[in-house]
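Novice: give the three-dimensional model of this entry:
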Amino acid sequence: MKNQYLFSFILLFFSLFAQAQTAEDRAKIVQEYNKQNPQLKNARQATEVAISKAFDSAEIRVKAYLLKYPLLKRTFVENGSFYYLKNIDKDGNPVYINTKSNVESGTLIKANQFYTGGTLGVNITGQNMVAGIWDGGQVRATHELLSGRVTMQPGQPLSGNAANSYAGDNHQTHVTGTMVGKDIANQRSARGIAYGATALNYDWENDLTEMLNFAKDGYVISNHSYGYGNHEGDPIWRFGAYNDDTRAWDQVALAYPTYLPFVAGGNERDPEQLRPNRTRNNGNWLKLGYDMITGSSAAKNVMTVGAVNSDKTMSGYSNWGPTDDGRVKPEIVTRGTGINSSQFADKTTNLPSDNSYSGEENSDGTSYAAPAAAAGGLLLQQYYKSLYGNFMKAATLKALMLGTAEDLGQPGPDHKFGWGLLDVEKAAQAIKTRSSSVNPANQSHQDVSSKGSYIEEITYNLLPYTGTAPNTQELTRSVKAKGGEPLIVSIAWTDAPGAEQTSANGTDPTTSRLVHEFDMLVSAPQPAGVSTSGLGLVSSSATDFRPWRPSTMANRTADATLQTTWFEGNGDNYKQVKILNPVAGTTYQISLRKKDTSPDTLMPLSIVVTGTALDVPTCTPPTLAMAGSNSPVVATTPLNLTSSATGGTAYAWAGPNGFTSTMQNPTVSSSTTAAMAGIYTVTIASSA
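Specialist: Model prediction:
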């Protein structure tokens, strides 16, 4: 006769996922904002006043322009895209913004690994998380995919109608479904990526003021699938420029550094596509698809998203960078082609509908790539909060997403795919194995017994490096490489707004728009008898490893190279060192500096390191005797599974990622090492 005893080993925080972003959590974020020093608080208040005045001034200019040209309309639809006259620039040119045209999208970025049955061993779907969604019209809040999940906010006047085929409303409803659409039986392919989350919806008329209030309330993620029209006839200097609009988006993010906006990169890349008036859809067509990033998508403190096809190839429409000062844009890509989602109106009858869907044909655009990335950000923030009790700063989330992205296209960063395809499973594994030794108070810190990743939000005021007192102007961190996979070190920061670019600066000025600039050097002990001449990516024998140096506007089609000295980058507030073949068990030192032209005021810095050693702490379960207790054991780390019962014939263990182990006749203590933290079940087969 055999007796079976089942024991479950459960993650300490497994039951906490439902406590994602409660009102108390938002209040905690707001409290952190209010604790900032008076200088930062005053700057935030000044930002709110400035953005409010800018909106009022823009409205006056637009109304005057329309009076001068009465045949023009403030809103219109062209090729299915909804256009809105947002502003008149300082040279008197109109600035139009337009809409940038779900399960498979989520699968490509591996969001399904968050759900029940996924490799992470959790059920993270966005529960209690709230997305802000700004778009060109009204959301269909009664739609079967969205009912009970979305709320159109007060004072949002933009609305579609039958005459324009509800273009803005359809777009708002489609984007919202991609982010938070429910899991319903008759439309499984339309399920949103963060399908347990909710959304607060806004039109784009007064977006910056509303974004400030949204962030002020402690929310952390928003999506913006719209941007400049980018057509022939638009001023050429505006392409790739850091103009007044771009600068304002950076002001908002700086004021509330836990808040990260996701912005669509735009769909005008094809130099041959013509508009109905026979002008080119691509207003910078001589650049053959490059230098098409404008307005909000050119900001430093947002996540600009490009679109790929289902097979990870580049789409035929997604805009390419870089910015004029050489920053990588887009920064990340997700699937934007063939996305089925909710629609405001039925495509056949053109009547509002609660069960209308776009289908996958002619449903393409960075508009649908951006909400996929934003929803991935929601899931990562929820998971981090469930494990560690707080949310990541926006710079930390950005460093995590870019540092774990799947490199596509040219080696390293390029201006088509950015840093690569979002991989939220890999990012989540970094969160899961985050070292418990983070946020050190000291200037130099070693974490050579890392669990598998190192994530730190540094608030030490690193002064600009002058070389006169290097010990007080350099931070160091040390980590131990796992080996067998790249060691990737990322740093990011939410930078202050840079100097505004205008038509007077000409076309493609290369002046950096960074205010604070950090850099790093990763060093390893030099093996005996090995030359020290090799620097950078490919050689594990080199002593020094420096960040990528992306190609500039002047050589935009070239592969990225590597810095050869300090501060040789191209103006990005994200930098990455990638060591392809690190030596297993070797301690690598990370040295951080701030450029001598930077202000000496505090600028928080985030660092994320993956590919570090997975040292396995021992977690011994209770003795499994014949009549043993059924008490569960907390398992927040990879387990050292031990059995010491007598008389049993076999102990069979099962855990995440298909882990299994069997111990025969454990009359004395015996053990096996599990691969990861998670839920483990042991079945004891024994004689009566």
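Novice: can you list the residue ranges for strands in the stretch 51-200 of the chain?
Specialist: Here the stretch 51-200 of the chain has its strands, by DSSP state E, counting those that start in this stretch, at 75-78, 81-88, 94-99, 130-135, 150-152, 198-203.
Novice: and what of the stretch 501-650 of the chain?
Specialist: Ranges of strands in the stretch 501-650 of the chain, per DSSP E, counting those that start in this stretch, are 518-523, 544-545, 548-549, 561-562, 574-579, 587-594, 605-610, 633-634, 640-643, 648-654.
Novice: so for residue 55, which of those sits nearest?
Specialist: Of all these, it is strand 574-579 that lies closest to residue 55, at 29.4 Å by CB to CB. (Glycine included, C-beta is placed from N, CA and C.)
Novice: show me what that closest one is in contact with.
Specialist: 328, 331, 398-399, 402-403, 412-413, 419, 481, 486-492, 518-520, 522, 537, 540, 545-548, 569, 588, 611 (CB atoms under 8 Å, 6 or more residues apart in numbering).
Novice: kindly recompute the last result at 7 Å.
Specialist: Contacting residues not belonging to strand 574-579 are listed as 398-399, 402-403, 486-492, 519-520, 522, 537, 540, 545-548, 569 [CB atoms under 7 Å, 6 or more residues apart in numbering].
Novice: out of those, which end up buried?
Specialist: For the contacts of strand 574-579, a neighbour count by 16 or more other CB atoms under 10 Å gives the buried set as 398-399, 402-403, 486-492, 519-520, 522, 537, 540, 545-548, 569.
Novice: most packed of the strands of the stretch 501-650 of the chain?
Specialist: strand 605-610 (a mean of 26; mean count of other CB atoms under 10 Å).
Novice: remind me what that strand packs against, helices and strands.
Specialist: Using 3 or more CB pairs under 7 Å, 6 or more residues apart in numbering; DSSP states H and E as the contact test, the elements touching strand 605-610 are helix 394-403, strand 453-458, strand 487-492.
Novice: what distance separates the longest one from the centre of its chain?
Specialist: Okay, so that is helix 394-403. The gap between where helix 394-403 is centred and where its chain is centred comes out at 6 Å by CA atoms, centre = their mean, to the nearest Å.
Novice: mean confidence for it?
Specialist: Per-residue pLDDT values across helix 394-403 average out to 98.
Novice: residue 494 contacts residue 257, correct?
Specialist: Yes. The criterion here is CB atoms under 7 Å, and residue 494 meets it with residue 257 at 4.7 Å.
Novice: pLDDT weak spots in this protein?
Specialist: For the chain, the stretches with pLDDT under 70 are 1-20, 37, 39, 79-82, 99-102, 436-451, 470-471, 526-542, 614-688.
Novice: okay, buried residues for the longest helix anywhere in it please.
Specialist: Counting by DSSP state H, the longest helix found in the chain is helix 38-68. For helix 38-68, the neighbour count (16+ other CB under 10 Å) marks 40, 44, 47-48, 51, 54-55, 58, 61-62, 65-66 as buried.
Novice: with distance to residue 292 added, can I get the strands of the stretch 501-650 of the chain in a markdown table?
Specialist: As requested, the strands of the stretch 501-650 of the chain are exported to a markdown table (distance: least, CB to CB, whole Å):
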| stretch | distance to residue 292 |
| --- | --- |
| strand 518-523 | 28 |
| strand 544-545 | 32 |
| strand 548-549 | 22 |
| strand 561-562 | 23 |
| strand 574-579 | 20 |
| strand 587-594 | 32 |
| strand 605-610 | 29 |
| strand 633-634 | 51 |
| strand 640-643 | 54 |
| strand 648-654 | 51 |
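Novice: nearest to residue 338, of those?
Specialist: Among these, the nearest to residue 338 by CB to CB is strand 574-579 (29.6 Å).
Novice: going along the chain, name the helices of the chain.
Specialist: 23-34, 38-68, 103-108, 167-180, 207-216, 244-255, 366-388, 394-403, 424-432.
Novice: who's in contact with the closest residue to residue 166 other than its chain neighbours?
Specialist: What sits nearest to residue 166 in space, not counting adjacent residues and going by CB to CB, 6 or more residues apart in numbering, is residue 160, at 3.7 Å. Neighbouring residues of residue 160 by CB under 7 Å, 6+ apart: 137, 166-169, 344.
Novice: rerun that using 6 Å as the cut-off
Specialist: Residue 160 makes contact with 137, 166-169, according to CB atoms under 6 Å, 6 or more residues apart in numbering.
Novice: TSV for those residues, including distance to residue 248 and neighbour count?
Specialist: Shown next, in TSV, are these (distance: CB to CB, whole Å; neighbours: other CB atoms under 10 Å):
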residue	distance to residue 248	neighbour count
137	23	29
166	29	27
167	26	25
168	22	29
169	26	26
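Novice: from the residues you listed, pick the one nearest residue 313.
Specialist: Once CB to CB is applied, the member of the contacts of residue 160 that ends up nearest residue 313 is residue 167, at 28.3 Å.
Novice: and the gap between that closest one and residue 174?
Specialist: Distance, residue 167 to residue 174, using CB to CB, to the nearest Å: 11 Å.
Novice: now do residue 209
Specialist: Counting by CB to CB, the gap from residue 209 to residue 174 is 25 Å.
Novice: need phi/psi at the residue nearest to residue 166.
Specialist: With angles defined as degrees, to the nearest 10, residue 160 sits at phi -80, psi 180.
Novice: what do you get for residue 422?
Specialist: Main-chain dihedrals, residue 422, degrees, to the nearest 10: phi -60, psi 130.
Novice: what's near enough to touch it?
Specialist: Residues in contact with residue 422 (CB under 6 Å, 6+ apart) are 109, 332, 334, 373, 376, 405.
Novice: got it, and residue 241?
Specialist: Contacts of residue 241 (CB under 6 Å, 6+ apart): 324, 501.
Novice: residue 519 is in contact with residue 567, correct?
Specialist: Yes. With contact defined as CB atoms under 6 Å, residue 567 counts as touching residue 519 (5.1 Å).
Novice: and residue 603, how far from residue 456?
Specialist: Taking CB to CB as the measure, residue 603 falls 15 Å from residue 456.
Novice: more neighbours: which of those two?
Specialist: Here residue 603 and residue 456 are set side by side on neighbour count (other CB atoms under 10 Å), and the busier one is residue 603, at 24 against 20.
Novice: distance of that one from residue 496?
Specialist: Distance, residue 603 to residue 496, using CB to CB: 8 Å.
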